[in-house]
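Predicted model follows, preceded by the sequence.
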Amino acid sequence: MKLTDVDGRAITRFLPGDMLAILGLVLVGTLEHETLTLQRYAGVLLPFLVGWLAAAPLVGAYSTRAADSTRSALVLAAGTWLLGDLVGQLLRNTSLFPGNADPAFFVVMFLVGAALLSAGRFASLVVADLTAN
């Protein structure tokens, strides 16, 4: 895997949905915990966005493999989120962001985030198939 393996098709198909999944996940979490303010939302969101964007080239979230194979697109999303969630948790454990690195929160964020990212990617692939035919 090369860091330069970025496929424009994968970025076009998946990046908008990936960002919406992460934005939505954090929004629902802050609403669920009744802590929604713009500052709190941004403080919770930023570590996970940084984690995703740092992990994406390392794992290959937007690689040719992701663009060419449905299975790879879903597996790479989950793998990227695993690393992105870890980075996000570590950043939250600093004084720069609200919260901490709680193992239970890590597991919940991974499972729900991976499910949302996979659902978004699958939906993108279905739409791409329907519009191609």
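Received, thanks.

hey, where'd the helices end up in this structure?
8-32, 38-59, 64-68, 70-92, 103-132 (DSSP state H).

Same list as before, the ones you listed that is, but in CSV and with mean pLDDT and mean neighbour count included.
Quick note: C-beta positions are derived from backbone N, CA and C, even for glycine. Shown next, in CSV, are the helices of the chain (pLDDT from 0 to 100; neighbours: other C-beta atoms under 10 Å):
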stretch, mean pLDDT, mean neighbour count
helix 8-32, 96, 17
helix 38-59, 96, 18
helix 64-68, 96, 18
helix 70-92, 97, 20
helix 103-132, 94, 15
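
Quick check: the gap between the closest residue to M19 other than its chain neighbours and V127.
Nearest in space to M19, with sequence neighbours left out and distances taken as C-beta to C-beta, 6 or more residues apart in numbering, is L49 at 7.9 Å. Noted for L49: a distance of 24 Å to V127, by C-beta to C-beta, to the nearest Å.

What of V112?
23 Å.

ok so, going back, surely the residue nearest to M19 touches L20?
No - using C-beta atoms under 8 Å as the test, L49 is too far from L20 to be in contact (12.0 Å).

tell me, what's touching the two both at once?
Common contact partners of L49 and L20 (C-beta atoms under 8 Å, 6 or more residues apart in numbering): none.

ok, A77 - contacts?
A77 sits next to 14, 18, 61, 66, 114, 117-118, 121 when contact means C-beta under 8 Å, 6+ apart.

ok, A42 to A104 distance?
In this structure, A42 and A104 are 23 Å apart, going by C-beta to C-beta.

Equivalent analysis for L111, please.
Between L111 and A104 the computed distance is 11 Å (C-beta to C-beta).

A55 too?
In this view, A55 and A104 are 21 Å apart by C-beta to C-beta.

Q89: what's it in contact with?
Q89 is in contact with 47, 101-102, 105-106, 109, counting by C-beta under 8 Å, 6+ apart.

Same list, those, but as TSV with distance to V75 please.
What follows is the contacts of Q89, written out as TSV (distance: C-beta to C-beta, whole Å):
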residue	distance to V75
P47	24
A101	25
D102	26
F105	23
F106	20
M109	18
